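In: Fold the stuff below for me.
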Amino acid sequence: DLIKNGHLLYMASSGYGKSVLLTNIVLGLAMKNSVRNLNFYIWDLGNSALIPLRALPHVADYMSIDDSEKIGKFQKRILDEIADRKRKFAKAMAQNIHVYNESQEEPLKVIAIIIDNFDTLKETGDESEAFVQKVARDGASLGIYLCVTMTRVNAMRSSVLNSFKERIGGYNFEPGENRTLIGRSEYSLPDDKKGRVLVKRDNVNVMQLYTPVPCKDELSYIDNLKKLVRKVEETSSEERAKGIPILPEELYYSMLPEYPGYREALTELPIGIEVENLDVQYLNVRNETALIIGMGGMGRTNTLCNILRHIQGQKVYLFDAKNMNLRMYENESGIVYAGDEKTIMLALQEIKEETDRRREQYEQQEDIRITLKEFGQSLKPVFVIVDIVQELHERLGGDDGKLDILADAAKSGIYVIATADVKLRPRNSEFLNMLAESKCGLIVGNIREQGIFSYTGLREENRRVDLGYYHEKGVNRKIKLITHE
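Out: Numbering: from 1, shown residues only. Sure thing, here's the model as predicted:
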């Protein structure tokens, strides 16, 4: 009874039922409670004996000692949950989870954190010890409980140990360990009776642990355990507990529907997923010209390729850089490719004609409540993509007037996306100034090398081509970039 007795601790030497006890606890509670009322987080620092429990719908996530990213996010999730529950309890004037759930229309679920082989916790970092101490101190009254096993009593700080009311001691190679954990007992645990333990109530009592499934040997135990877990899983009709999101090794455009925040909108250009909660991030070209800035070789062109996939089938004017990395789109349907001076001038002339045509249509229509840009965005979409805007300016002989055709295009509701080298600065050109004054954009590579978007408080120097930053109105979100397939 976690709500009545709080955190639980079992100490025994290796091979004396630590993982079996935790398996019994998880299975027993899962079979008696719904997913909406109870969730588990399994932190398996032992011999992976708890892996079969991952399939239970109540298990939000399973972590091994090597899952550093998942462990970090798990700890943040639980600490945020503790802070949130404290606010809710204070507002409801409830001193514990039982009182809160009895008095509120929306009860809170119980969260059980299962830690096997606590002795190894130090290997995951000092943050982990501080985390367990925080949960041990504050969690029980909030409905967040620890069920922990360990081998030696000195593996846990006394300040943490004192938070465990429910203590069980199994056979230990060091005879004095149980005396420290449980207290003096007249009974001496035999080494040949696995599962025989001491439990502290008013007095020290003897108890026999049982296995969750009948078995003749270790192999049949694992096989029967998997069958029981599968039966519990199949019996449940509830949605699984929400797991801890972790970044994929590679992120492809086709994977985006799997992540939160995904939506299909032509003018919302997906660029990646946020590294913490994995929400899909977008450049919204309806609001302003989209800017992608960074050093060469850090993912600018890769991002353009994904954007071209997103707007496939639309009318696109594509201005390639000198390296002609986008030449494979030269003969694509709907794309006007501009890779040299002649095709650049022809494309700009077409864009100017489209802009003039839109302006004329706008002046002829009678709705004075909408702007030229809003009117243009109601017409058939037209996109302009520029790879390295400084190179395009250079190839135009530094002619600001010709480059500013793109500024006029953006004002008339044509969607403009441009990449830029980190040396982008305000100039005499209206279009370059428009980019330099961007409030939103994508930064690839080291954010500290560019001067368009602020990065106050960010000291890291990202050198990974698969990571970038989505900047929106002064806030930088680190994102996993989409890799072009």
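In: OK, contacts around Gln133?
Out: Residues near Gln133 by Cβ atoms under 8 Å, 6 or more residues apart in numbering: 157, 159-160. In short, each C-beta sits where N, CA and C put it, glycine included.
In: count of neighbours near Ser48?
Out: Per other Cβ atoms under 10 Å, the neighbour tally for Ser48 reads 13.
In: List the residues that contact the closest residue to it other than its chain neighbours.
Out: Leaving aside its chain neighbours, Ser48 sits nearest to Ser64 (6.7 Å; criterion: Cβ to Cβ, 6 or more residues apart in numbering). By Cβ under 8 Å, 6+ apart, the contact set of Ser64 is 44-45, 48.
In: same thing but 10 Å
Out: Contacts for Ser64 were tallied using Cβ atoms under 10 Å, 6 or more residues apart in numbering; they are 42-46, 48, 50-51, 70-71.
In: which of these has the most neighbours?
Out: Within the contacts of Ser64, Trp43 tops the neighbour count with 28 neighbours, counted by other Cβ under 10 Å.
In: Any regions of this structure where pLDDT drops low?
Out: The model of the chain has no residue with pLDDT under 70.
In: Give the residue farthest from the middle of it.
Out: Farthest-out residue of the chain from its mean C-alpha position, per Cα atoms, centre = their mean: Glu186, at 52.1 Å.
In: Backbone dihedrals for Leu406, both of them.
Out: phi -70, psi -30 (degrees, to the nearest 10).
In: Neighbours of Arg327, how many?
Out: 12.
In: Could you do Ile97 as well?
Out: By other Cβ under 10 Å, the residues close to Ile97 number 24.
In: from the contacts of Gln133, which is closest to Ile417?
Out: Of all the contacts of Gln133, Ile417 sits closest to Val160, with 53.4 Å by Cβ to Cβ.
In: Over to the closest one: give its phi and psi.
Out: phi -80, psi -40.
In: Need the nearest residue in space to Val132, chain neighbours excluded.
Out: Val160 (6.1 Å).
In: from memory that neighbour sits against Val148, does it?
Out: Yes: here Val160 reaches Val148: they are 9.2 Å apart, a contact under Cβ atoms under 10 Å.
In: Identify the contacts common to those two.
Out: With Cβ under 10 Å, 6+ apart, Val160 and Val148 have common neighbours 7, 9, 118, 132, 136.
In: List the contacts of the first one.
Out: Translated: His7. Taking Cβ under 10 Å, 6+ apart, one finds 112-113, 135-136, 139-140, 144-148, 160, 163-167 in contact with His7.
In: the more surrounded of Val160 and Val148?
Out: Per other Cβ under 10 Å, whichever of Val160 and Val148 has more neighbours is Val148, with 27 against 21.
In: Assumed that one was part of a helix.
Out: No: Val148: not assigned to a helix; according to DSSP: H, G, I helix; E, B strand; the rest coil it is strand.
In: Would you confirm that it contacts Gly139?
Out: No: Val148 sits out of contact with Gly139 when judged by Cβ under 10 Å, with a separation of 11.9 Å.
In: tell me, what's touching these two both at once?
Out: Counting by Cβ under 10 Å, 6+ apart, the common neighbours of Val148 and Gly139 are 7, 113, 132.
In: May I ask which helix or strand encompasses the last one?
Out: When you say that, I think you mean Val132. According to DSSP states H and E, Val132 maps onto helix 126-142.
In: CA atoms only for that helix - export them in PDB, please.
Out: Provided in PDB are the C-alpha atoms of helix 126-142 (Å, rounded to 0.1, in the frame of the first residue of the first chain):
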ATOM      1  CA  ASP A 126      25.600  13.400  -9.000                       C
ATOM      2  CA  GLU A 127      22.400  14.700 -10.500                       C
ATOM      3  CA  SER A 128      20.800  11.300 -10.100                       C
ATOM      4  CA  GLU A 129      21.500  11.100  -6.300                       C
ATOM      5  CA  ALA A 130      20.100  14.600  -5.800                       C
ATOM      6  CA  PHE A 131      17.100  13.600  -7.800                       C
ATOM      7  CA  VAL A 132      16.400  10.600  -5.600                       C
ATOM      8  CA  GLN A 133      16.900  12.600  -2.500                       C
ATOM      9  CA  LYS A 134      14.300  15.200  -3.700                       C
ATOM     10  CA  VAL A 135      11.700  12.500  -4.600                       C
ATOM     11  CA  ALA A 136      12.400  10.600  -1.300                       C
ATOM     12  CA  ARG A 137      11.800  13.800   0.600                       C
ATOM     13  CA  ASP A 138       8.800  15.400  -1.300                       C
ATOM     14  CA  GLY A 139       7.300  12.600  -3.300                       C
ATOM     15  CA  ALA A 140       5.300  10.400  -0.900                       C
ATOM     16  CA  SER A 141       2.800  13.100   0.100                       C
ATOM     17  CA  LEU A 142       2.400  14.000  -3.600                       C
END
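In: how about that helix: buried residues?
Out: By neighbour count on 16 or more other Cβ atoms under 10 Å, the buried set for helix 126-142 is 128-129, 131-132, 135-136, 138-142.
In: Work out the gap between that helix and the centre of the chain.
Out: 22 Å (Cα atoms, centre = their mean, to the nearest Å).
In: which residues touch Tyr100?
Out: 85, 88-89, 91-94, 107-108, 141-143.
In: which of the residues you listed count as buried?
Out: 85, 89, 94, 108, 141-143.
In: For Glu394, state which of the residues you listed is nearest.
Out: Arg85 (58.5 Å).
In: on that earlier part again, mark which of the contacts of Tyr100 are part of helices, please.
Out: 85, 88-89, 91-92, 141-142 (DSSP state H).
In: Between which two of those residues is the distance greatest?
Out: Maximum distance among the ones in helices among the contacts of Tyr100 (Cβ to Cβ): 15.3 Å, for Lys91 and Ser141.
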